[in-house]
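*Asks:* please find the sequence and the predicted model below.
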Amino acid sequence: GGVGMAAPAAPPSMAMDAMREESIEQEADNNKDDGDGAAAAPTRAWFPETFLFEPLVVTDASGAATVPVRVPDRLTQWRVLALAHSRSGAQAGAVTSFAGTLPTYVDPVLPPFLRAGDTVRLPVQVVNTTDKEVVAALKVDARGAQVEDGARTVKVPARGSAVAMVTVRAQGAGPVTVRASLGDTDAVVRDFDVWATGQPVVQTRGGSLAAPRTLSLVGPADAQPGSERVRLQVYPGALGVVRAELAAVERRPADVAADAYALLLAGQAPELLKALGETPDAEALKALSLVAGQRVLRAARAPSVDVATRLAEGALAHPQNPVLARLGERLVGQVAKAQRPDGTCQGGEGWTLQRLLVATADCARTVRAATGTPEGKQRALAFTARSAGVFERYLPQVKDGYTAAVLLAEGAVSGSVADALRTRVRDALKQGADGTASLPVEPGMVRADGAGPSEVEATAMAVLALQGDAKAPLADLGAFLLAHYTPGQGWGDGQANRVGLRAALVLFREPLPAQVRVTLARDGQTVTEGTYDAKALREVLALEAAAPGSAGTHAWTVRAEPAVPGLGFSLSLAAAVPWKSEAKGGLQLAVVAPKEARVGQLSDVRVQLGAPSSLPLLFQQELPAGVQVDPASLEALVASGQVTSWDVQDGALSLRLPPRAQGELVQVYFRVLPTLAGTLQAGASRLGVPGRPDLASSLSPTTWAVR
């Protein structure tokens, strides 16, 4: 048989049949004194886990068994499930429960957050489970906020409860820890955050941990107290990038380039992961191959030469799949036949010479991908020889770094032509103030598909072009590449991701060290640091700390010990500055808050807005702490057609409104329900047009008085 014991996490005030909180004793606090010589009461914290699981319990001859267990918390309704079977196959089960409780306990009711400047009245419940009246000292204090009326004597009747109200003032942004104690019988610690009410201002810099990096960041002079924070994210090298790409590639918008990249990644991933010390997930890769393969097969029914250059390499990455393998050969054959007698490939009316050269290099890369047979090798040699003549002939016209990088990375040039192109790529590189290097894209330069490449894609192409070049700042290029990688979106579209992943694999194939210490310092003083092993370094790591005193220009240094070229970082300095009301692009906004709001009573909020015609609008209101929006009033707005959709999360309301007629002012009403009494700060009110940052209106935060 087996037995399991669990304790749900919801407190009784929230759900009566979802049983009570778990508590654990914090030994470090238990041994401290309150200052008067008396030992502090054990403090409690949330602990929502399955506590005991015994899958094999043998009973005695009478069918009884005992499972001894020490229950570590004392404010929980425990549920015990036992399942049993006999040798003959008979089965049975039983469920029982028992309550763990204290004679008396204290329970402060805290909001999920407050805003800087809030003054609230918070209830603290004291429960007496004994048959005698209890008179005890109640003490409530806080770190990070000011508490008034926090010490008093409470009288609690037998089998009853009492509620004491305390005043909490949140003066600045940051974490708050509240400790409530009842004599020497019980104590509980709870945390919440105080949010800044100002406008967020963020500066971000990136780089590589190949060497200590010193960056100059300028903090705002009018930052609100407690709002200055610094966040350092450390991105893993090639293994981390491959894993992140495998996790995200299927969720990205589908198009030919994205599907081709997904198919290529699925085919190359097993060997890549093995080379980087990771075990491939065969089932996940098979599923990705099936989805990407189906999309590629649809796109390859009647492909143009441009589409064939995108799809062929991905199809050839699956030699074990006869359908994809034949497709890859067919696409390569199509590209090879598209080469003209002069050696160029593709082209058309209106094409520039620069685009034609890039497209020819793209074709050369595609043809070289199928050299597994003698015929394929011969075809690739012939194609490369003719295209090399094109690149040599037009070398004087290649004046920009991006085109030179493409010809080097994709076109298989050699000799003096390659040397000249390398020089042009190196000369075009731009050194950043943060120690990184990148390859800017000159106006008018395009890829083979006619789209303009991003600076990140061009930099990745420069890495591929300059690999093995002793004069090239590959580490600085890699720092730029890693700093501009986003786990969810990669480096851009499918073409940019294909090039970016190739560059990352060239730069960061070396295995990570067993342990790395990462330190962030401001003006030579350590702000935060952490030590990580090789397993932890496979994921994106984050170090975050308060950074008061960051106004003005400061030197921030990021250091890894030992230095690791395969680790990139992103450093963000965030602060909140006072909001300023503004109106851009003809948008008008006015918000009228309730004049007399009361706890537990619905109140109206009126929003008046105007905008140019035919523009969809997005209204956002940051709500005061403890204020809930009445869903029925929002659904009524949707039903009336005034609002197309709404969303409430993280203390903010968002309303999406349909386009209106020219000059039409719109009034929208919704209802709110305050749950906290006090003087509460609402955040800013904002009105905008999705995708149009030039059209926006905002109002400064306001103060609500709730009784």
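*Replies:* Structure received.

*Asks:* ok, the nearest residue to Asp400 once chain neighbours are set aside - contacts?
*Replies:* Closest residue to Asp400 apart from its sequence neighbours, by C-beta to C-beta, 6 or more residues apart in numbering: Glu442 at 4.6 Å. All C-beta atoms are positioned from the backbone trio N, CA, C, and that covers glycine. Residues near Glu442 by C-beta atoms under 8 Å, 6 or more residues apart in numbering: Asp400, Gly401, Tyr402.

*Asks:* now for the helix or strand containing Leu571, which elements pack on it?
*Replies:* Element membership for Leu571 (DSSP states H and E) is strand 564-577. Contacts defined by 3 or more C-beta pairs under 8 Å, 6 or more residues apart in numbering; DSSP states H and E place strand 564-577 against strand 199-209, strand 213-219, strand 229-235, helix 474-483, strand 515-522, strand 552-561.

*Asks:* among the contacts of Glu442, which one has the most neighbours?
*Replies:* With neighbours taken as other C-beta atoms under 10 Å, the top of the contacts of Glu442 is Tyr402, carrying 29 neighbours.

*Asks:* so who does the closest residue to Gly585 other than its chain neighbours touch?
*Replies:* With C-beta to C-beta, 6+ apart as the criterion, Gly585 has its nearest non-adjacent residue at 3.5 Å, and that residue is Leu695. Contact analysis of Leu695 by C-beta under 8 Å, 6+ apart lists Lys584, Gly585, Gly586, Leu587, Ala611, Pro612, Leu615, Gly688, Val689.

*Asks:* so where do the helices sit in the chain?
*Replies:* Counting by DSSP state H, the chain has helices at residues 27-30, 238-248, 256-275, 282-299, 305-316, 322-337, 353-368, 374-393, 401-410, 415-428, 455-466, 474-483, 494-507, 631-640.

*Asks:* CA atoms only: put the third one into CSV for me.
*Replies:* As requested, C-alpha coordinates have been extracted for helix 256-275 and formatted as CSV (Å, rounded to 0.1, in the frame of the first residue of the first chain):
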residue,chain,number,x,y,z
VAL,A,256,9.3,30.7,-45.6
ALA,A,257,12.5,31.9,-44.0
ALA,A,258,11.3,31.0,-40.5
ASP,A,259,10.1,27.5,-41.6
ALA,A,260,13.4,26.8,-43.4
TYR,A,261,15.4,27.9,-40.3
ALA,A,262,13.3,25.7,-38.1
LEU,A,263,13.8,22.7,-40.4
LEU,A,264,17.6,23.4,-40.5
LEU,A,265,17.8,23.7,-36.7
ALA,A,266,15.9,20.5,-36.2
GLY,A,267,18.2,18.6,-38.5
GLN,A,268,21.5,20.0,-37.1
ALA,A,269,20.5,20.1,-33.4
PRO,A,270,21.4,16.4,-32.6
GLU,A,271,25.0,16.8,-33.6
LEU,A,272,25.2,20.3,-32.2
LEU,A,273,23.9,19.3,-28.8
LYS,A,274,26.2,16.3,-28.6
ALA,A,275,29.2,18.4,-29.5
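
*Asks:* what angle sits between that helix and helix 305-316?
*Replies:* 30 degrees (axes from the mean of the first three to the mean of the last three C-alpha atoms, to 10 degrees).

*Asks:* can you give me how far helix 256-275 is from the chain middle?
*Replies:* 23 Å (C-alpha atoms, centre = their mean, to the nearest Å).

*Asks:* residues in contact with that helix?
*Replies:* Helix 256-275 is contacted from outside by 238-239, 242, 245-246, 249-250, 252, 279-280, 282, 285, 288-289, 291-293, 295-296, 299, 307, 310-311, 313-318, 324, 449, 493-495, 497-498, 501, 505, 509, using C-beta under 8 Å, 6+ apart.

*Asks:* per-residue pLDDT, the nearest residue to Leu507 once chain neighbours are set aside?
*Replies:* Distance criterion C-beta to C-beta, 6+ apart; nearest residue to Leu507, sequence neighbours excluded, is Gly478 at 4.2 Å. If you check Gly478, the pLDDT there is 84.

*Asks:* how close does Gly478 sit to Ala275?
*Replies:* 18 Å (C-beta to C-beta, to the nearest Å).

*Asks:* what's the burial count for Arg301?
*Replies:* 6.

*Asks:* repeat for Val95
*Replies:* 9.

*Asks:* so who does it touch?
*Replies:* Counting by C-beta under 8 Å, 6+ apart, Val95 touches Arg79, Val80, Leu81, Ala82.

*Asks:* which one of these is nearest Ala575?
*Replies:* If you rank these by distance to Ala575 using C-beta to C-beta, Arg79 comes first, at 47.2 Å.

*Asks:* residues in contact with the nearest residue to the closest one once chain neighbours are set aside?
*Replies:* With C-beta to C-beta, 6+ apart as the criterion, Arg79 has its nearest non-adjacent residue at 5.0 Å, and that residue is Ser97. Ser97 makes contact with Met19, Gln77, Trp78, Arg79, Val80, according to C-beta under 8 Å, 6+ apart.

*Asks:* the third one: neighbour count?
*Replies:* What it means is Trp78. 21.

*Asks:* my read is that it contacts Gly100, right?
*Replies:* Yes. Shown here, Trp78 and Gly100 form a contact pair, counting by C-beta atoms under 8 Å, at 6.4 Å.

*Asks:* between these two, which contacts overlap?
*Replies:* Joint contacts of Trp78 and Gly100 (C-beta under 8 Å, 6+ apart) are Val71.

*Asks:* what's the mean pLDDT across stretch 232-246?
*Replies:* Rounded mean pLDDT across stretch 232-246 is 80.

*Asks:* er, stretch 598-613 I mean
*Replies:* 90.

*Asks:* quick check: domain ranges of this protein?
*Replies:* Following the TED database, one gets these domains for the chain: 40-196, 199-235+512-577, 238-508, 582-706.

*Asks:* need the winner for burial among these.
*Replies:* Highest mean neighbour count of the domains of the chain: domain 238-508, a mean of 19 (counted as mean count of other C-beta atoms under 10 Å).

*Asks:* what's the spacing between the closest residue to Asp630 other than its chain neighbours and Ala632?
*Replies:* Residue nearest to Asp630 in three dimensions, not counting chain neighbours: Arg671, with 4.0 Å by C-beta to C-beta, 6+ apart. Per C-beta to C-beta, Arg671 is found 8 Å from Ala632.

*Asks:* again, but for Ser289
*Replies:* 48 Å.

*Asks:* check Glu442 too.
*Replies:* 58 Å.

*Asks:* same thing with Leu273?
*Replies:* Computed with C-beta to C-beta, the distance linking Leu273 and Ala632 is 52 Å.

*Asks:* got it, and Asp107?
*Replies:* Per C-beta to C-beta, Asp107 is found 31 Å from Ala632.

*Asks:* might one say that Met461 is in contact with Val406?
*Replies:* Yes. Using C-beta under 8 Å, Met461 is in contact with Val406, at 5.8 Å.

*Asks:* show the low-confidence segments of the stretch 501-650 of the chain, by residue range.
*Replies:* 538 (pLDDT under 70).

*Asks:* now render the helices of the chain as CSV, adding distance to Arg517.
*Replies:* Below are the helices of the chain laid out as CSV (distance: least, C-beta to C-beta, whole Å):
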stretch, distance to Arg517
helix 27-30, 26
helix 238-248, 18
helix 256-275, 27
helix 282-299, 33
helix 305-316, 40
helix 322-337, 46
helix 353-368, 41
helix 374-393, 47
helix 401-410, 36
helix 415-428, 34
helix 455-466, 27
helix 474-483, 19
helix 494-507, 22
helix 631-640, 49
